[in-house]
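A.B. asks: here's a sequence, model it:
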Amino acid sequence: MGWVSDDNEHEGWAAAVAPDGRLSGSSTSEGMLVEGITGHYKPDRMMPDYEVVPDSEIIGWRGACQCGWRGELWERVTSPEAADFSRRREYLAYDEFAHASNEVENAIHDEWKTHLAPLEAVAGVKAAAREYNQAGHRLDKTVAAAKAAGASWADIGRAVGISRQSAHERWADRQ
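C.D. replies: Numbers count the residues shown, from 1 in each chain. The predicted structure follows:
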């Protein structure tokens, strides 16, 4: 299961980590699919550029985003006693599917959202700048129409909240 940013520019997921550090993008009934052929694992039948890493060999999980961001490792430990959520250690029996628990997946999702926070803030700046530029163009056209209809620079200046001279300096050469 993955997550998509509001702008559809980022897709993130909780990826299983193979012993060589490669991240899974999907799974099969035989294990986790990881891109690349090393010869250490069986190639996938449907996706020949992927190998199937058995669930029992997955060493943990980390956040991944299609932009290249990677979160910190959540280590898979060998016993329930060794599990410690505060130290990013999660127990999962080696005979189970190697998907992150809901608790770990939720924590990874929170990390991914933190990764997106600056990007989303900049997206807000970009949207506001676009609206500002559009409003400026609309104001320029409206001033030109008012001037063509016979409005004085003093009338236009009062409407905008500036002096007659400032209005003239700003828009006279655009007429």
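
A.B. asks: any stretches of this structure with poor pLDDT?
C.D. replies: 1, 175 (pLDDT under 70).

A.B. asks: hmm, try it at 50
C.D. replies: Applying pLDDT under 50 to the chain flags no residue at all.

A.B. asks: outline the domain layout of it.
C.D. replies: What the record gives for the chain is the domain set 2-116, 122-174, from automatic domain parsing.

A.B. asks: in the helix or strand hosting residue 169, which residues are buried?
C.D. replies: Per DSSP states H and E: residue 169 is located in helix 164-171. For helix 164-171, the neighbour count (16 or more other Cβ atoms under 10 Å) marks 167-168, 170-171 as buried. In short, each C-beta sits where N, CA and C put it, glycine included.

A.B. asks: let me know which of the domains of the chain is tucked in deepest.
C.D. replies: With neighbours defined as mean count of other Cβ atoms under 10 Å, those peak in mean count at domain 2-116, which reaches a mean of 16.

A.B. asks: show which residue of this structure lies farthest from the average position.
C.D. replies: Distance from the C-alpha centroid of the chain, by Cα atoms, centre = their mean, peaks at residue 150 (51.3 Å).

A.B. asks: distance check, that residue against residue 164.
C.D. replies: Here the criterion is Cβ to Cβ, to the nearest Å. By it, residue 150 lies 15 Å from residue 164.

A.B. asks: the biggest helix by length in the chain to helix 164-171, inter-axis angle?
C.D. replies: Secondary structure assigned by DSSP state H gives helix 102-148 as the longest helix of the chain. Put simply, helix 102-148 runs at 110 degrees to helix 164-171, going by axes from the mean of the first three to the mean of the last three Cα atoms, to 10 degrees.

A.B. asks: helix 102-148 - contacts with which helices or strands?
C.D. replies: The elements that helix 102-148 packs onto, with contact taken as 3 or more Cβ pairs under 8 Å, 6 or more residues apart in numbering; DSSP states H and E, are strand 11-17, strand 60-65, strand 74-77, helix 153-160, helix 164-171.
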